[in-house]
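Novice: Quick one: sequence and predicted model below, then my questions.
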Amino acid sequence: MTSSLAAIHIARKQLGLDEYTYRAKLAKITGKSSAKDLSEAERQKVLAVFRNEGFAAATKGRQSSRRTRLSGRYAGKLQALWIAGWNLGVFRNRDDAALLAFVKRQTALDAIQFLRFPDDARKAIEAIKAILAREGGVDWSVNASTPDCTRSAGFKIAWAQWEKLHEPNGLFWPMVRETASVPAGHYPTDQQWILVMNRLGERIRATRSEGLCK
């Protein structure tokens, strides 16, 4: 496998693109739906688009991969919230470096503190959740009357995305089931909600770039 082809596959995983979205994106950029069929110039064109969307390739001699840089106990939760904000159009940069800088500005904590210690991690997590509520419209509230299907963070973020796109409420669940291949009578898993959030995030970023979405 050539280095550019390998980089495309790494980018696909890093950006969280499902099979349909990935192939549709390739076709939109190059007219071809398989990376194996692309010329080197076409692969570089795809990589340029992926980099613009947040793909950060590891470079020799430095630990630049997202997973290596954020490896503390609470890294996964913080990364998930940060990418949710990126998919909501709240954060313009999905890189971990931007996440680290944001948390330090908001809490005055350094990475060692908020990636390892519960109280400090809680401050960082709540700081991001507050931004998503204020600027992204996410309603984190849960009470005794909240239906089970709307209690998950995945639902709350996806619903905020849907409202941001001004889509009809009645089409939300059909879209979710089609996007994540959820059978009737079932509700999405956490991983399936990620597929939905990523798909809606692409739409939000597209409308923002066209000047239609703040």
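Specialist: Structure received. Residues are numbered from 1 along each chain as shown.
Novice: now the helices for this structure?
Specialist: Using DSSP state H, the helices of the chain run over 3-15, 19-30, 40-52, 66-69, 75-87, 96-107, 111-116, 118-136, 153-164, 172-180, 190-209.
Novice: For the second one, buried residues please.
Specialist: Neighbour-count burial for helix 19-30, counted by 16 or more other CB atoms under 10 Å, picks out 21, 22, 23, 25, 26, 29, 30. Heads up, the C-betas are built off the backbone N, CA and C, glycines and all.
Novice: Could you pull up the contacting residues of the last one?
Specialist: By CB atoms under 8 Å, 6 or more residues apart in numbering, residue 30 lies in contact with 38, 42, 45, 46.
Novice: So how do I select the buried members of these in ChimeraX?
Specialist: Applying 16+ other CB under 10 Å to the contacts of residue 30 leaves a buried subset, and the ChimeraX line that selects it is:
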select :38,42,46
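Novice: which one of the contacts of residue 30 sits closest to residue 206?
Specialist: residue 46 (16.8 Å; CB to CB).
Novice: from what I can see that closest one touches residue 31, true?
Specialist: No - Residue 46 is beyond contact range of residue 31, at 11.4 Å (criterion: CB atoms under 8 Å).
Novice: Now for residue 13, how many residues are close by?
Specialist: Residue 13 has 10 neighbours, counted by other CB atoms under 10 Å.
Novice: typed the wrong thing, it's residue 147
Specialist: Using other CB under 10 Å, residue 147 has 8 neighbouring residues.
Novice: For this structure, which helix or strand comes out least confident on mean pLDDT?
Specialist: Within the chain, no helix or strand scores below helix 66-69, which has a mean of 43 by mean pLDDT, DSSP states H and E.
Novice: Apart from its neighbours in sequence, what residue is nearest residue 131?
Specialist: Take residue 131 and drop its neighbours on the chain: the residue closest to it by CB to CB, 6 or more residues apart in numbering is residue 90, 6.2 Å away.
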